[in-house]
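# next one to model:
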Amino acid sequence: MLYTRTIYVDPEEIAELEEILAIESGYCKKFRKEEIIACYNIHFANDFEADIEVCNDDPPCVRGTLYQAVEEEEEIVLYEVDDIPFSKSLIGEHLFEYEGNTYVAVVSRDNY
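You can find the predicted model right below:
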């Protein structure tokens, strides 16, 4: 089954993050090394969640993780079930696969 959700991000924020992601070597000096600069959480219809993160790695990149929500002892625990390879692009589709299902987390500019 295919699950798709879109998150809309302020164009000014996108422009700042794209500038950081354009760094080809080294870290962004505005942030600590290996700091998560921005994180976007997407909830899918079947209680799965995805985090799309802009990370201050060497060089800065986009990482994504898909989580499955599981109830344990009256608490909801998120288990990592898939991740995407490092990317230099925040805008667009980020695909995850788990148990025959495809999850598409779309990051788009907010056109308000």
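# how about residue 16, secondary structure?
Taken by DSSP: H, G, I helix; E, B strand; the rest coil, the conformation at residue 16 corresponds to helix.
# do the same with the one 4 residues further on
Taken by three-state DSSP, the conformation at residue 20 corresponds to helix.
# quick one: distance of the lowest-mean-pLDDT helix or strand in the chain to the chain centre.
For the chain, using mean pLDDT, DSSP states H and E, the weakest element among its helices and strands is strand 75-87, scoring a mean of 83. The chain centre lies 10 Å from the centre of strand 75-87; the measure is CA atoms, centre = their mean, to the nearest Å.
# so which bits of the very next helix or strand once past that strand are buried?
As assigned by DSSP states H and E, the chain's next helix or strand after strand 75-87 is strand 92-98. For strand 92-98, a neighbour-count test (16 or more other CB atoms under 10 Å) marks 94, 96 as buried. Backbone N, C-alpha and C define where each C-beta goes, glycine included.
# stretch 74-86 too?
Going by neighbour count (16+ other CB under 10 Å), the buried part of stretch 74-86 is 82, 84.
# now that stretch - C-alpha only, CSV.
Only the C-alpha atoms of stretch 74-86 are listed here, as CSV (Å, rounded to 0.1, in the frame of the first residue of the first chain):
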residue,chain,number,x,y,z
GLU,A,74,0.4,1.7,28.3
GLU,A,75,3.0,3.8,26.5
ILE,A,76,3.5,4.4,22.8
VAL,A,77,7.1,3.7,21.8
LEU,A,78,8.5,4.5,18.3
TYR,A,79,10.7,1.9,16.7
GLU,A,80,12.9,2.8,13.8
VAL,A,81,12.0,0.5,10.8
ASP,A,82,13.6,2.2,7.8
ASP,A,83,15.8,5.1,6.9
ILE,A,84,16.8,6.9,3.7
PRO,A,85,20.3,7.5,2.5
PHE,A,86,21.9,10.8,3.1
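# quick revisit: partner strands of the least confident helix or strand of the chain, with direction?
Using DSSP bridges, the strands paired with strand 75-87 in its sheet are strand 61-72 (antiparallel).
# just the element for the residue nearest the centre of the chain, please.
Of all residues in the chain, the one closest to the mean position by CA atoms, centre = their mean is residue 52, 0.6 Å from it. Assessed by DSSP H and E, residue 52 sits inside strand 48-55.
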